[in-house]
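Participant: Prediction below, plus the sequence it came from.
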Amino acid sequence: MKDAVVIIPTYNEIENIVSIIEAVFEQSRDIHVLVVDDNSPDLTANQVRVLQEKYKNRLFLEVRNSKSGLGTAYIHGFKWCLSKTYQYIFEMDADFSHNPKDLIKLYEACSLKQADLSIGSRYVTGVNVVNWPMNRVLMSYLASKYVRLITGMKIHDTTAGFVCYKRSTLEALNLNKIKFIGYAFQIEMKFKTYLKKLNIIEVPVIFTDRTKGESKLSSGIISEAILGVVSMKINSIFKK
């Protein structure tokens, strides 16, 4: 996996960051990690800098001025990765809700099964979520159903944040025109990939809620997603 890099966006993840980075590196000696930190007040970035001494030329850090949204953090990361030679670019949370052991499955879906985008899917084989309260499971599951209905995408987990993009997929998308910065960002990226008629494969994974730190999900982020899906679909119709 010398050609692969995992982007981990962070904001106040000092309780998780060391463990998640080391867990990623345990999967392969060759995989790289890029942390995009939004100037965390808890000094998450400082912990990454300490680890960089141990993982030279494998662990990289980009620090932004302030908390500016998940979507813009990933766009920043994508552009950084595309300026290098990486062929497979992952999104993964810092809180262990995404199991680093599943990175290999997502990688192989792209490298061996010709996926342009592979998705670590909570819902492709039922509901594979651990430690979430039932109301949040229902909200997430129904949100994906809603997005699938409105957009026409044949994807079960449309809001998933554990994914692997081929380099060519990101190059085919206009990253400067990605509109959403919160929960809807994940939907928009999948929808833009779908509109390009690229190959999307869902890989079943088990999602486990964080045990350390605080969730960044808010009602505003959810509202952006609900309203954003409709606007994305309408815009896609008029652009045909």
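Facilitator: Yep, that arrived. Residues are numbered from 1 along each chain as shown.
Participant: Now Cys110: phi and psi?
Facilitator: Cys110 adopts backbone torsions of phi -80, psi -40, taken as degrees, to the nearest 10.
Participant: Can you check the pLDDT for it?
Facilitator: Cys110 carries a pLDDT value of 97.
Participant: How about the one 5 residues further on?
Facilitator: Ala115 carries a pLDDT value of 98.
Participant: What residues of the helix or strand harbouring Val50 count as buried?
Facilitator: According to DSSP states H and E, Val50 maps onto helix 44-52. Applying a neighbour-count criterion of 16 or more other CB atoms under 10 Å, the buried positions in helix 44-52 are Thr44, Ala45, Gln47, Val48, Leu51, Gln52. For every residue, glycine as well, the C-beta is placed using N, CA and C.
Participant: swap in stretch 84-104?
Facilitator: So for stretch 84-104, counting by 16+ other CB under 10 Å, buried means 86-100, 102-103.
Participant: what do you get for stretch 108-115?
Facilitator: Quick answer for stretch 108-115 (16+ other CB under 10 Å): Ala109, Cys110, Ser111, Ala115.
Participant: And the contacts of it?
Facilitator: Tyr88, Asp116, Leu117, Ser118, Cys164, Tyr165, Lys166, Asn199, Ile200, Ile201, Val203 (CB atoms under 8 Å, 6 or more residues apart in numbering).
Participant: start to end distance for that stretch?
Facilitator: Terminal residues of stretch 108-115 are spaced 9 Å apart (CA to CA, to the nearest Å).
Participant: How far off centre is it?
Facilitator: 18 Å (CA atoms, centre = their mean, to the nearest Å).
Participant: next one: stretch 11-30
Facilitator: So, by CA atoms, centre = their mean, the centroid of stretch 11-30 is 15 Å from its chain's centroid.
Participant: So what does the closest residue to Ala4 other than its chain neighbours have for phi and psi?
Facilitator: Excluding its sequence neighbours, the residue lying closest to Ala4 (CB to CB, 6 or more residues apart in numbering) is Tyr88, at 4.2 Å. Main-chain torsions, Tyr88, degrees, to the nearest 10: phi -130, psi 120.
Participant: thinking Tyr88 is in contact with Lys166, fair?
Facilitator: Yes - with contact defined as CB atoms under 8 Å, Tyr88 counts as touching Lys166 (6.4 Å).
Participant: where does the chain dip in pLDDT?
Facilitator: The model of the chain has pLDDT under 70 over residues 1, 210-226, 238, 240.
Participant: what are the ranges of the strands in this protein?
Facilitator: Per DSSP state E, the chain carries strands over the ranges 4-10, 32-37, 59-63, 88-91, 117-121, 129-130, 163-166, 200-204, 207-208.
Participant: Which strands and helices lie in contact with the third one?
Facilitator: Right, strand 59-63. Packing partners of strand 59-63 (3 or more CB pairs under 8 Å, 6 or more residues apart in numbering; DSSP states H and E): strand 32-37, helix 44-52, helix 70-82.
Participant: what about 6 Å?
Facilitator: The contact analysis (3 or more CB pairs under 6 Å, 6 or more residues apart in numbering; DSSP states H and E) places strand 59-63 against strand 32-37, helix 44-52.
Participant: Between these, which one is closest to Ala160.
Facilitator: Closest of those to Ala160 is strand 32-37, at 18.7 Å (criterion: CB to CB).
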